[in-house]
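S.K.: Need coordinates for the below:
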Amino acid sequence: MVKTVSLYGFPTVESSEAVTKFLEEYTGEGTVLSVNVLPPKDGASRSSAIVEFTTAECAEKILASADDRSLCLESFFSSRFVKVLTA
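M.R.: Prediction:
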């Protein structure tokens, strides 16, 4: 099962701690094992993050939330949805 996902849609200035805090609002405290925030590609205004969760279930929860568009950054960063790619 996948425990690592790639998320797109974060502002370029967000820290790994901020991304962790945001995601753990959906998956529960202590469920994010590591976060690597990547700079935007080709002049894009949004960055991505490679996120490893403690369990495959947490990763699946984020994938499902992104698929049904309930994972929204409106209250945290912006009104954009997170795009998810399995890694």
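S.K.: Could you check how far Pro39 is from Leu23?
M.R.: As judged by C-beta to C-beta, to the nearest Å, Pro39 and Leu23 stand 19 Å apart. Placement of C-beta: from N, CA and C, glycine included.
S.K.: So for these two, which sits in the more crowded spot?
M.R.: Between Pro39 and Leu23, counted using other C-beta atoms under 10 Å, Leu23 has the larger neighbour count: 25 against 8.
S.K.: got the contact list for the more buried one?
M.R.: Contact analysis of Leu23 by C-beta atoms under 8 Å, 6 or more residues apart in numbering lists 7, 31-32, 35, 51, 62.
S.K.: Point to the helix or strand of the protein where mean pLDDT is at its lowest.
M.R.: Sorting the helices and strands of the chain by mean pLDDT, DSSP states H and E puts strand 83-86 at the bottom, at a mean of 53.
S.K.: what about the residue nearest to Thr20 when sequence neighbours are not counted, neighbour count?
M.R.: The shortest distance from Thr20 to any non-neighbouring residue, by C-beta to C-beta, 6 or more residues apart in numbering, is to Val32 (4.6 Å). By the criterion of other C-beta under 10 Å, Val32 has 22 neighbours.
S.K.: Tell me how far Val32 lies from Ala44.
M.R.: Val32 sits 24 Å away from Ala44, taking C-beta to C-beta as the criterion.
S.K.: Could you do Leu63 as well?
M.R.: Separation of Leu63 from Ala44 (C-beta to C-beta): 22 Å.
S.K.: neighbour count winner among these two?
M.R.: Shown here are Leu63 and Ala44; by other C-beta under 10 Å, Leu63 has more neighbours (17 against 11).
S.K.: Output the helix or strand where the more buried one lies in CSV, but only the C-alpha positions, please.
M.R.: Assigned by DSSP states H and E, Leu63 belongs to helix 56-67. Output in CSV follows, covering the C-alpha atoms of helix 56-67 (Å, rounded to 0.1, in the frame of the first residue of the first chain):
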residue,chain,number,x,y,z
ALA,A,56,-1.2,3.6,4.2
GLU,A,57,-4.7,4.4,5.5
CYS,A,58,-3.7,8.0,6.1
ALA,A,59,-2.3,8.3,2.6
GLU,A,60,-5.5,6.8,1.2
LYS,A,61,-7.6,9.2,3.2
ILE,A,62,-5.7,12.2,1.7
LEU,A,63,-6.0,10.6,-1.8
ALA,A,64,-9.8,10.1,-1.3
SER,A,65,-10.3,13.6,0.0
ALA,A,66,-8.5,15.1,-3.0
ASP,A,67,-10.4,12.9,-5.4
